[in-house]
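J.: Structure for the following, please:
(one chain, ligands or ions: 1)
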Amino acid sequence: MTIRSKIAGTGSCVPEQVLTNKDLESMIDTSDEWITTRTGIRQRHIAPQGQNNSDLAAEASMAALSMAGVDASELDLIIVGTLTPDMPMPSVACLVQRRLGATNAGAFDVAATCSGFLYSLSIADKFIKEDPSRKILAIGSEVLSRRTNWDDRTTCVLFADGAGAAVVTGSQDESGILSTCLHADGSVWDLLTIRGLGTAYPVDQELLSKGWQYIEMKGKDVFKHAVKALESVAHESMAKAGWSNDDLDLLIAHQANIRILDFLRERLNLPKEKVFINIDKYGNTSAASIPIALDEANRSGKLKKGDNVLLISFGGGFTWAGVTMRW
Ligand code: UT7
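T.: Coordinates of the predicted model:
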């Protein structure tokens, strides 16, 4: 019998504070109309000082564990996809491990930007295939608002905060992950980057005056790469699972721009109801975007047992990834 891993529970958490497009109109030279038509975003959630990545990740994890009926002490591994950790050391995963009391779990972060959750889920899949009795938390969590230049209207209207988590276990039936595809292209890293706060540049007045502590994005170029990579990895993932477009029940793609989601719907020839959209409520939450969407789809009853689900992501690096699963 084929050993598969499956998602046994999902959870998500966003900060309470909502920042609407109208709010942004009073902060920068923008309009609700521009943001809505160019991105599909209507509002986003922003963490106040004192609320950190690991706080959101731990909340999301507790909800996922509760749904899965798994105790934190049963966890073997905690993997967090993120580009905005609380601090360089320790990892967010270790802080989550402490908060959950997951004393039997290993813990590490994965730096794969917006593909962080799918990279984490793919790693979890391999560990479960090695030993199906394992229980693993795969998380995507971000506080992007602290890496956002609030004077830069080309980026600050896009990025936001949140976390999503999934408990991954061995599957006892036909459900579970069927294929995983991971890709990267570091040759165009500078199209989407946070240059500062690593080892490349000293944290000094020059760095701060250049704004290199913040996200920089050449949006139009990223858009072109994103649509090409997402379409390609969607086909690759489905082919590996032995599916045609018609077999797909739900597409959950990284929520970066409604125009990217519309493009994918057209290219994959999918009806509207098969493409999950929540970018209007949350903006672009990078690694958290797919697990938040997955949790919403799960809790709202949009995912039925036996459904064929495709998850695809694209982000800085570049990284892109695809995962197919039977729910
Ligand atoms: O999460 C990782 C993956 N991320 C993505 O895939 C994001 C991909 N890129 C995008 O989603 C889009 O490129 C953006 C939403 C970032 C930008 O949309 P765009 O249609 O590519 O706009 P643009 O950058 O070409 O700007 C068009 C115009 C410019 O004005 P001019 O030069 O035509 O006069 C911008 O200055 O819109 C202007 N603009 C704005 N206007 C009002 C840019 N940002 C804003 C704004 N409000 N916030």
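J.: which residue sits closest to residue 236, ignoring its sequence neighbours?
T.: The shortest distance from residue 236 to any non-neighbouring residue, by C-beta to C-beta, 6 or more residues apart in numbering, is to residue 181 (5.1 Å). C-beta: built from backbone N, CA, C; applies to glycine.
J.: On the three-state scheme, the one you found is what?
T.: Per DSSP: H, G, I helix; E, B strand; the rest coil, the secondary structure class of residue 181 is strand.
J.: Please look at it and residue 313 and confirm they touch.
T.: No - using C-beta atoms under 8 Å, residue 181 makes no contact with residue 313, being 10.5 Å away.
J.: Tell me the residues that contact both of the two, please.
T.: Jointly contacting residue 181 and residue 313 under the rule C-beta atoms under 8 Å, 6 or more residues apart in numbering are 321, 322.
J.: Give me the more crowded residue out of these two.
T.: When neighbours are counted by other C-beta atoms under 10 Å, residue 181 and residue 313 differ, and residue 313 comes out ahead with 33 against 21.
J.: quick one: the more buried one from residue 229, how far?
T.: According to C-beta to C-beta, to the nearest Å, residue 313 stands 9 Å off from residue 229.
J.: list the residues that contact both of these two?
T.: residue 320.
J.: wouldn't residue 77 be in contact with residue 130 here?
T.: No - Residue 77 lies out of contact with residue 130 (C-beta under 8 Å); the separation is 11.1 Å.
J.: These two: which is more packed in?
T.: Neighbours were counted for residue 77 and for residue 130 using other C-beta under 10 Å; residue 77 has more, 23 against 9.
J.: Residue 53: what's it in contact with?
T.: By C-beta under 8 Å, 6+ apart, the contact set of residue 53 is 82, 84, 85, 86, 92, 141, 142, 143, 163.
J.: quick one: contacts for the spatially closest residue to the third one that is not a sequence neighbour?
T.: Leaving aside its sequence neighbours, residue 85 sits nearest to residue 92 (C-beta to C-beta, 6+ apart; 4.8 Å). By C-beta under 8 Å, 6+ apart, the contact list for residue 92 reads 53, 54, 57, 80, 82, 85, 86, 109, 139, 141.
J.: Taking those, tell me the two that lie furthest apart.
T.: For those, the farthest-apart pair by C-beta to C-beta is 86 and 139; their separation is 13.3 Å.
J.: Give me the more crowded residue out of these two.
T.: Taking neighbours as other C-beta under 10 Å, residue 86 and residue 139 compare with residue 139 leading, 34 against 18.
J.: and the more buried one, what helix or strand is that in?
T.: Using DSSP states H and E, residue 139 maps to strand 136-143.
J.: Toward the C-terminus from that strand, list the very next helix or strand.
T.: Once strand 136-143 ends, the next helix or strand along the chain (criterion: DSSP H and E) is helix 153-156.
J.: What residues sit buried inside that next one?
T.: By neighbour count with 16 or more other C-beta atoms under 10 Å, helix 153-156 contains the buried residues 153, 155, 156.
J.: wait, what's in contact with the residue nearest to residue 277 when sequence neighbours are not counted?
T.: Closest residue to residue 277 apart from its sequence neighbours, by C-beta to C-beta, 6+ apart: residue 261 at 6.0 Å. By C-beta under 8 Å, 6+ apart, the contact list for residue 261 reads 40, 253, 255, 275, 277, 279.
J.: dump the residue contacts of the residue of the stretch 51-200 of the chain found nearest the ligand.
T.: Nearest residue of the stretch 51-200 of the chain to the ligand: residue 153, at 3.8 Å (C-beta to the nearest ligand atom). Residues counted as contacts of residue 153 (C-beta under 8 Å, 6+ apart) are 28, 29, 30.
J.: go with 6 Å
T.: 28, 30 (C-beta atoms under 6 Å, 6 or more residues apart in numbering).
J.: ok, whichever residue of the stretch 1-150 of the chain sits closest to the ligand to residue 316 distance?
T.: Across the stretch 1-150 of the chain, the shortest distance to the ligand (C-beta to the nearest ligand atom) belongs to residue 30, at 3.3 Å. Noted for residue 30: a distance of 23 Å to residue 316, by C-beta to C-beta.
J.: Which one of the two is surrounded by more residues?
T.: A count of neighbours by other C-beta under 10 Å puts residue 316 above the other of residue 30 and residue 316, at 23 against 17.
J.: where's that one relative to residue 63, distance?
T.: As judged by C-beta to C-beta, residue 316 and residue 63 stand 28 Å apart.
J.: Then residue 41?
T.: 24 Å.
J.: higher neighbour count, the two?
T.: The residue with more neighbours, out of residue 41 and residue 63, is residue 41; 26 against 20, by other C-beta under 10 Å.
J.: Can you add secondary structure, neighbour count and distance to the ligand and give the contacts of residue 261 back as a markdown table?
T.: Converted to a markdown table, those look like this (DSSP: H, G, I helix; E, B strand; the rest coil; neighbours: other C-beta atoms under 10 Å; distance: C-beta to the nearest ligand atom, whole Å):
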| residue | secondary structure | neighbour count | distance to the ligand |
| --- | --- | --- | --- |
| 40 | coil | 20 | 9 |
| 253 | strand | 27 | 10 |
| 255 | coil | 30 | 9 |
| 275 | strand | 17 | 16 |
| 277 | coil | 17 | 14 |
| 279 | helix | 26 | 10 |
